[in-house]
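Q: need a 3D model of the following:
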Amino acid sequence: MLKKKPYTNNTLLMLLVLSILAAGHSSCAAGTLDDCIRGLEQRYRAMQDLSARFEQETYIGSLKRAEKGAGMVYFKKGGKMFWEYTQPAVQKIYLDGKNLWFYLPEDNQVLKNDVSKLPSDITLDLFAGKLKIREKFNVQVGTGEAQEQKDTTVLKLTPKTAHPNLKSLTLWVDRKNYCITRSSLEDEMGNRTLLKFSAITIDKGLSDSLFMFTPPPGVEIYEPPPLSSPNPSP
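A: Numbering: from 1, shown residues only. Sure, this is the predicted structure:
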């Protein structure tokens, strides 16, 4: 049994969403809302790789407490992603295009999932660049929240079909460079996860080796049975 539970699937969902949408370079201020959404989708399809620093705060509704984390994230076209947490403890999440690895160095443990056996849902659609935002979400421009940051437009996405891991997703768009700098995700259990991105770089030619994980000698590897989804994806 794992001594520590890696970040939950709803957190991973939000991480995937943010790493994809953070590359958006379409102006939400200069055009219509549809122009902004179209630009985000087109930019992701064209983007080859991305890296950024991140800060994360997750409020766990059932425990009524918040947990914080921070580190670096790297993304590359072709189903590759690497999240390297440095706070509160070292944790590494690899997606190499075939397998999803959660590595906990402190406990000498790895959780491995075959991506092809995961249920098809919004996460995989986003990651594959197949998602049409307007088809899956109701989208509104946030009111009031944008005033917290100058030159920021806030978009609130609500699934058109009930989803167990996603009640709403709010995105902060920096109008100076049209990047997503912050996101807040809420699920049906009352959990909320906030991510803040900085030092975003795009298309720098990240090496495939960055996303490959080889378990060190002696590491315990856990492979859970294929996940099942009781509810249809939105």
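Q: and the strands in this protein, which stretches?
A: Per DSSP state E, the chain carries strands over the ranges 49-60, 65-76, 80-87, 91-95, 99-104, 109-114, 137-141, 152-159, 168-174, 179-186, 192-202, 220-222.
Q: save the ones you listed as CSV, and put in distance to Leu210, mean neighbour count and mean pLDDT too.
A: No exception for glycine: its C-beta is placed from N, CA and C like everyone else's. Listed next are the strands of the chain as CSV, based on distance: least, CB to CB, whole Å; neighbours: other CB atoms under 10 Å; pLDDT from 0 to 100:
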stretch, distance to Leu210, mean neighbour count, mean pLDDT
strand 49-60, 9, 19, 91
strand 65-76, 6, 17, 91
strand 80-87, 6, 18, 92
strand 91-95, 9, 21, 92
strand 99-104, 13, 20, 92
strand 109-114, 18, 17, 90
strand 137-141, 31, 16, 87
strand 152-159, 29, 19, 82
strand 168-174, 26, 22, 81
strand 179-186, 21, 22, 83
strand 192-202, 13, 17, 90
strand 220-222, 21, 12, 92
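Q: and these as TSV, adding distance to Ile37?
A: Shown next, in TSV, are those (distance: least, CB to CB, whole Å):
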stretch	distance to Ile37
strand 49-60	19
strand 65-76	20
strand 80-87	23
strand 91-95	25
strand 99-104	28
strand 109-114	30
strand 137-141	6
strand 152-159	8
strand 168-174	11
strand 179-186	12
strand 192-202	19
strand 220-222	39
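Q: dump the residue contacts of Thr86.
A: Ala70, Gly71, Met72 (CB atoms under 8 Å, 6 or more residues apart in numbering).
Q: let's go with 10 Å and repeat that
A: Contact analysis of Thr86 by CB atoms under 10 Å, 6 or more residues apart in numbering lists Arg53, Gly69, Ala70, Gly71, Met72.
Q: what does Ala89 give?
A: By CB under 10 Å, 6+ apart, the residues touching Ala89 are Lys4, Gly69, Leu104, Pro105, Glu106, Asp107.
Q: number of nearby residues for the last one?
A: As a burial measure, the neighbour count of Asp107 was computed by other CB atoms under 10 Å and equals 14.
Q: surely it touches Gly218?
A: No - with contacts counted by CB atoms under 10 Å, Asp107 stays clear of Gly218, the gap being 12.0 Å.
Q: that older thread, which one of the strands of the chain lies closest to Glu41?
A: Closest approach to Glu41 among those (CB to CB): strand 137-141, 11.9 Å.
Q: which other residues reach that closest one?
A: Strand 137-141 has contacts (CB under 10 Å, 6+ apart) with 28, 33-34, 36-37, 122, 131, 133, 153-161, 166, 168-171, 173, 234.
Q: quick one on the thing from earlier: looking at the contacts of Thr86, which is nearest Glu188?
A: The shortest approach to Glu188 among these belongs to Gly69, at 22.3 Å (CB to CB).
Q: once you drop chain neighbours, what's closest to that closest one?
A: Gln56 (4.3 Å; CB to CB, 6 or more residues apart in numbering).
Q: what's across from the one you found in the sheet?
A: On the basis of DSSP bridges, Gln56 is bridged to Gly69, Leu195.
Q: in this structure it contacts Ser184, no?
A: No - Gln56 is not in contact with Ser184 according to CB under 10 Å; the separation is 11.0 Å.
Q: overlap in contacts, those two.
A: By CB under 10 Å, 6+ apart, the residues touching both Gln56 and Ser184 are Met14, Thr193, Leu194, Leu195, Lys196.
Q: turn these into TSV, columns for distance to Arg65.
A: Shown next, in TSV, are these (distance: CB to CB, whole Å):
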residue	distance to Arg65
Met14	18
Thr193	13
Leu194	14
Leu195	18
Lys196	20
